[in-house]
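1. Give me the fold of what follows.
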Amino acid sequence: MSRESEFDLPGEAALPGTLPEALRAELVEFRRDLHMHPELGNQEFRTTAAIKARLEKAGLQPRVLGGGTGLVCDIGVDPDRRRDGTAAPMLALRGDIDALPIPDTKSDCAYRSTVPDRAHACGHDVHTTVVLGAGLVLADLHRQGRLPRPVRLIFQPAEEVLPGGAADAIQFGVLDGVGRIIAVHCDPKVDAGRIGLRHGPITSACDRLEVSLDGSGGHTARPHLTTDLVTAVARVATDVPALVARRVDARSGLSVTWGRIESGHACNVIPHHAELSGTVRCLDLDAWHQAPDLVHAAIDEIANLYRAKSEITYVRGVPPVVNDASVAELLRDAMTARLGAHSVEDTAQSLGGEDFSWYLEKVPGAMARLGVRRPGDRGVRDLHQGDFDADEYAITVGVELFTAAALIDAEERQA
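-> As a prediction, this is how the structure comes out:
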């Protein structure tokens with residue numbers, strides 16, 4: 001095995017896997033390029049090509065997933081041993097590569113999106129760059145004979161498309177031979193240089209809900225002769241969330257929230273058709289399994305009251321991400337080894353959804369919240385907003401977190 005390094009890596013006395021300055025600068029530029037060219041779920045062809053080219057330049061052999069976007073790439077695995085099943089279980093590092101269908105509203109930003117109504121407003125460009133950077137460092141350690149355990153890189157498409165591209169990636173076989181899996185998600189409420197961790201559920205379940213109401217309609221002077229559809233849709237919007245919330249344990253956090261209501265065209269005409277769409281979120285897995293029946297019953301109850309015909313499309317999304325305690329502690333140990341115990345903070349369960357949960361139904365794993373807030377910035381910022389951006393020091397933190405986790409995971413398995 002060649003012991004030549006692609007980078008100026010630190011010597012044996014230093015902690016292996018520290019990010020070299022030249023690679024750090026390259027990764028910042030790589031992330032900015034992704035940020036300028038966002039692509040929606042299952043359309044990430046340019047992004048996939050850019051990742052593939054950089055991995056191949058490093059001497060790796062990435063494989064594009066079956067849908068034509070996304071990749072999987074193994075480091076330190078003998079292909080013959082992988083085929084006969086004797087390879088050691090891998091630690092998988094997962095990054096999602098898709099963007100959101102919203103405009104980039106940042107001003108005075110040289111790398112803002114060049115694609116109208118498309119933006120990396122959830123930090124997936126950071127996630128992707130972190131996994132790429134970790135892969136390049138770990139591949140270099142492998143060439144030097146310093147990577148004791150195999151690692152798999154998963155660049156997953158379509159995280160923002162329910163029920164998530166993770167399910168398709170699993171069908172492609174990205175978890176074959178994987179023993180544990182880790183990921184990060186940008187958090188604009190945590191300072192760069194820190195991560196948030198939690199045992200157990202860290203996100204919620206998330207489903208999509210579409211409702212159509214139909215009725216006879218008519219003149220607003222005679223609502224008693226019509227299906228008063230605007231009132232009906234208003235009652236569905238206000239009463240259904242309350243009804244559903246009262247029919248499960250309040251601790252489950254079952255929540256129906258509407259994002260769109262549409263009905264009518266004139267002030268004096270009761271319309272024939274109305275539509276609502278929104279999301280159903282839930283902190284508890286058991287309540288999530290009950291949610292479709294509860295939501296259907298509540299909508300029908302209100303619709304029948306106003307003699308409206310309802311049509312409900314309930315799209316199952318993702319279950320909660322439930323962090324395995326031992327893998328969460330692996331991330332804590334890795335972050336502590338890099339930046340000290342003060343760099344890890346407890347985090348609460350959120351109502352956001354994440355398809356990383358599908359991987360955790362197959363193998364143990366954990367997700368950390370990666371701080372991307374510039375220290376000292378007390379502005380109120382959030383994900384899925386057009387002005388989202390990240391302190392790029394977070395890239396260095398994420399890369400070193402993942403590389404340390406890979407090395408510590410190997411030590412634990414050999415102990």
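
2. use CA for all of it now, contacts and neighbours both
-> Will do.

3. where do the helices sit along the stretch 51-200 of the chain?
-> Shown for the stretch 51-200 of the chain, the helices assigned by DSSP state H, counting those that start in this stretch span residues 79-84, 124-143, 165-172.

4. and among the ones you listed, the most buried is which?
-> helix 124-143 (a mean of 26; mean count of other C-alpha atoms under 10 Å).

5. What is that one packed up against?
-> The contact analysis (3 or more C-alpha pairs under 8 Å, 6 or more residues apart in numbering; DSSP states H and E) places helix 124-143 against helix 21-36, helix 45-57, strand 71-75, strand 90-96, strand 151-156, strand 178-191, helix 393-414.

6. again, 7 Å this time
-> Packing partners of helix 124-143 (3 or more C-alpha pairs under 7 Å, 6 or more residues apart in numbering; DSSP states H and E): helix 21-36, strand 90-96, strand 151-156, helix 393-414.

7. so how far does stretch 100-112 reach from one end to the other?
-> For stretch 100-112, the first-to-last residue distance is 14 Å (C-alpha to C-alpha, to the nearest Å).

8. Just the buried residues of that stretch, please?
-> For stretch 100-112, a neighbour-count test (16 or more other C-alpha atoms under 10 Å) marks Leu100, Pro101, Ile102, Pro103, Asp104, Thr105, Arg112 as buried.

9. What of stretch 22-40?
-> 23-24, 27-28, 30-40.

10. Stretch 188-203 too?
-> So, applying 16+ other C-alpha under 10 Å, buried residues of stretch 188-203: 188-199, 201-203.

11. ok, now stretch 295-307?
-> In stretch 295-307, the ones that count as buried by 16+ other C-alpha under 10 Å are Val295, His296, Ala298, Ile299, Asp300, Ile302, Ala303, Tyr306, Arg307.

12. Tell me the one among these nearest to Arg63.
-> Val295 (41.4 Å; C-alpha to C-alpha).

13. Show the contacting residues for that closest one.
-> Val244 (C-alpha atoms under 7 Å, 6 or more residues apart in numbering).

14. Same check on Val211?
-> Val211 neighbours (C-alpha under 7 Å, 6+ apart): Glu275, Leu276, Ser277, Ser310, Glu311, Ile312, Thr313.

15. lowest-pLDDT helix or strand in this structure?
-> helix 79-84 (a mean of 55; mean pLDDT, DSSP states H and E).

16. mind listing what Gly352 touches?
-> Per C-alpha under 7 Å, 6+ apart, neighbours of Gly352: Thr203, Ser204.
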